[in-house]
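K.L.:
Please work out how this folds:
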Amino acid sequence: LVLALVMTMSLVTVSAGAADFTDDSDIDYKEAVDVISALGIVDGYSDDSFRPDGSLTRGAAAKIICNLILGPTTASALSATTAPFRDVPVTNTFAGYITYCSQQGIISGYGDGTFRPTGSLTGNAFMKMLLGALGYDSSVEGYNGSNWQVNVIKQAVGIGLDDGNDDFVGSRTVTRQEAALYSFNMIQATMVEYDSKSVVVVGDVEINTIPTRYEATNTSTRTDGNIKDDGLMQFAERYFTDLKATGSQDDFGRPATEWRYNNRAIGTYTDVADETYTAGVKLGDIYSDLGLSETTDTTEYYINGREQSDLEVARRDDTKIGANGVLTQVWYEEDERGNVEDFIISEVHTYVAEVNAINNPNDDDRSITLSTKSAPIGSLDRQFETDDFSRDDLVTYTAAWTGSRYEIQTVEALTDYETGILTEWNGTKIVSGSIYDATNDFTVGSTTYDYSAHCAVDDEDGASSQVWNFDVDESELNVYLDQYGYAIYVSGTEGTKNYAAV
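P.N.:
Next up, the predicted model:
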């Protein structure tokens with residue numbers, strides 16, 4: 001919720017949903033940006049971009065905090081009658097926001113009486129502001145003085161404000177999308193309150209006690225449970241009562257969270273998995289990686305969204321699931337008594353296709369039709385609504401089971417490839433119908449490639465086949481890699497055979 005800050009380079013902004021940003025593909029924290037945009041906290045630029053890697057300024061951060069606490073409409077009416085800091089005159093764009101945050105004890109200036117509103121903001125400083133908005137008292141918690149950064153980060157990390165960014169560095173300048181992520185985590189965090197200070201008299205000495213911090217609880221006058229049903233007051237349960245987070249599943253059967261605001265859907269976002277694999281994995285390895293102590297049955301197991309028979313995950317079990325280029329994810333959760341509550345495994349397979357038709361090219365419901373190159377996965381709806389791609393484009397796609405057939409979920413361009421002479425080939429043994437054996441590989445030039453599970457092969461005439469028709473040390477090949485680094489499409493270049501057309 002904190003991305004709503006206008007960047008230093010431009011103060012002209014327009015409201016936009018994250019899906020509408022022209023640089024949406026550059027946003028790493030899509031769930032955070034989507035939710036913040038839906039709440040009206042984040043604006044895009046006049047060119048409909050979001051600029052996720054742009055720097056956050058101190059003045060803009062103050063505006064975001066006000067938008068979070070007061071809402072964008074009320075926050076926009078803030079003004080300052082006197083300059084809050086000597087470098088922030090009342091005419092400054094951020095004067096009202098800075099004044100409000102300063103009065104609330106959320107922010108402070110420098111020792112020389114300045115605030116430096118156009119200066120960049122570090123992760124440490126932004127976390128301090130978010131903690132202040134959650135109710136943490138700087139003077140009580142030690143957020144002032146020489147050790148303030150240590151105390152701030154210890155608390156911020158302890159309540160998960162940095163969740164989702166494994167590369168968090170407190171001394172580094174915060175980007176717009178990082179600010180969104182930290183704010184998104186903050187609105188789900190529990191607010192705190194303090195007992196009143198008291199005075200204890202010991203003999204002739206009066207001792208001021210330190211207020212005790214405690215987690216704020218919901219009362220009968222507050223909305224409970226729109227973020228968590230734990231009886232505590234999360235930030236969004238006080239300030240965004242119309243924001244709802246509900247447990248759900250995505251199209252591949254994976255645990256997910258559905259976000260809604262004012263009864264309108266924002267989106268459904270897959271939860272972070274406990275373990276992730278992009279090659280075949282033994283059940284025994286999953287057992288070890290999860291730290292299990294006894295054989296455990298899965299509660300659900302999906303392949304491309306189609307539920308399979310439950311798996312028994314046991315120590316040293318050599319049974320393998322997944323394959324090269326298959327996204328295998330695991331979610332494991334126990335209840336308070338140690339009983340298995342959720343043990344879900346999902347496989348998402350990636351296939352190769354070519355765009356062979358453009359449907360309704362001039363309408364809003366423009367779609368493409370795919371001609372699959374990898375072995376088909378049963379009854380497949382080959383159409384996919386998109387404004388991207390042209391006829392004959394190579395793409396990869398995923399598809400999920402709808403109950404009667406598979407429906408395409410994602411389509412990505414397959415454009416990057418490497419070209420060279422085939423110098424070694426260890427065979428293309430296929431197991432289980434259309435799955436390439438992971439023990440085989442091939443070498444083009446000096447690079448050895450492992451097959452993706454659903455690798456497709458075209459000869460130099462464009463004919464698809466699961467069987468190679470290339471000669472070692474003679475055939476020149478184009479090798480396309482999937483997102484995990486496996487060869488998912490191999491084609492012969494024209495002229496690899498020893499003949500000429502006259």
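K.L.:
From what I see, residue 309 and residue 303 are in contact.
P.N.:
No - Residue 309 is not in contact with residue 303 according to C-beta atoms under 8 Å; the separation is 10.8 Å. (Glycine included, C-beta is placed from N, CA and C.)
K.L.:
More neighbours: those two, which one.
P.N.:
residue 303 (21 against 7; other C-beta atoms under 10 Å).
K.L.:
and the closest residue to residue 436 other than its chain neighbours, what element?
P.N.:
Excluding the flanking residues, the one nearest residue 436 by C-beta to C-beta, 6 or more residues apart in numbering is residue 451, at 3.9 Å. Element membership for residue 451 (DSSP states H and E) is strand 447-458.
K.L.:
now swap in residue 356 and tell me
P.N.:
Using DSSP H and E, residue 356 falls in strand 351-359.
K.L.:
returning to what we had before: got the contact list for the residue nearest to residue 436?
P.N.:
Shown in contact with residue 451 (C-beta atoms under 8 Å, 6 or more residues apart in numbering): 324, 428, 436-438, 440-442, 486-487.
K.L.:
and the least confident of the residues you listed?
P.N.:
Lowest pLDDT among the contacts of residue 451: residue 428, with 67.
K.L.:
where does the chain dip in pLDDT?
P.N.:
For the chain, residues meeting the criterion pLDDT under 70 lie at 1-19, 197-204, 206-209, 220-224, 428-429, 431-434, 460-467, 494-502.
K.L.:
circling back: and the helix or strand just after the strand holding residue 356, how far out from the chain's middle?
P.N.:
Going down the chain from strand 351-359, the next helix or strand is strand 367-372, by DSSP H and E. With C-alpha atoms, centre = their mean, to the nearest Å as the basis, strand 367-372 stands 28 Å off its chain's centre.
K.L.:
what packs against strand 367-372?
P.N.:
Where contact means 3 or more C-beta pairs under 8 Å, 6 or more residues apart in numbering; DSSP states H and E, strand 367-372 is packed against strand 351-359, strand 383-385, strand 406-413.
K.L.:
Mind putting those into CSV with mean neighbour count?
P.N.:
CSV is the format used below for the helices and strands packed on strand 367-372 (neighbours: other C-beta atoms under 10 Å):
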stretch, mean neighbour count
strand 351-359, 19
strand 383-385, 16
strand 406-413, 17
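K.L.:
export the ones you listed to JSON lines and tack on distance to residue 373?
P.N.:
Below are these laid out as JSON lines (distance: least, C-beta to C-beta, whole Å):
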{"stretch": "strand 351-359", "distance to residue 373": "4"}
{"stretch": "strand 383-385", "distance to residue 373": "15"}
{"stretch": "strand 406-413", "distance to residue 373": "13"}
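K.L.:
Which one, of those, ends up nearest to residue 491?
P.N.:
strand 351-359 (10.4 Å; C-beta to C-beta).
K.L.:
Check which strands are paired with the closest one and give the direction for each one.
P.N.:
Sheet partners assigned to strand 351-359 using DSSP bridges are listed as strand 367-372 (antiparallel), strand 394-401 (antiparallel).
K.L.:
so who does residue 384 touch?
P.N.:
367-368, 370, 397, 408, 411.
K.L.:
What is the helix or strand encompassing residue 37 packed up against?
P.N.:
Using DSSP H and E, residue 37 sits in helix 30-38. Contact here means 3+ C-beta pairs under 8 Å, 6+ apart; on that basis helix 30-38 packs against helix 176-187, strand 255-261, strand 264-270.
K.L.:
gap between the following helix or strand past it and the chain center?
P.N.:
With elements assigned by DSSP H and E, the helix or strand that comes after helix 30-38 is strand 43-45. Offset of strand 43-45 from its chain centre (C-alpha atoms, centre = their mean): 20 Å.
K.L.:
Which strands and helices lie in contact with strand 43-45?
P.N.:
Checking 3+ C-beta pairs under 8 Å, 6+ apart, strand 43-45 ends up next to strand 13-15.
K.L.:
re earlier: biggest separation within the contacts of residue 384, which pair?
P.N.:
Taking C-beta to C-beta, no two of those sit farther apart than 367 and 397, at 13.1 Å.
K.L.:
Compare these two (neighbour count), which wins?
P.N.:
Between residue 367 and residue 397, counted using other C-beta under 10 Å, the more crowded position is residue 397 (21 against 17).
K.L.:
shouldn't the more buried one be in contact with residue 351?
P.N.:
Yes - counting by C-beta under 8 Å, residue 397 touches residue 351, with 5.6 Å between them.
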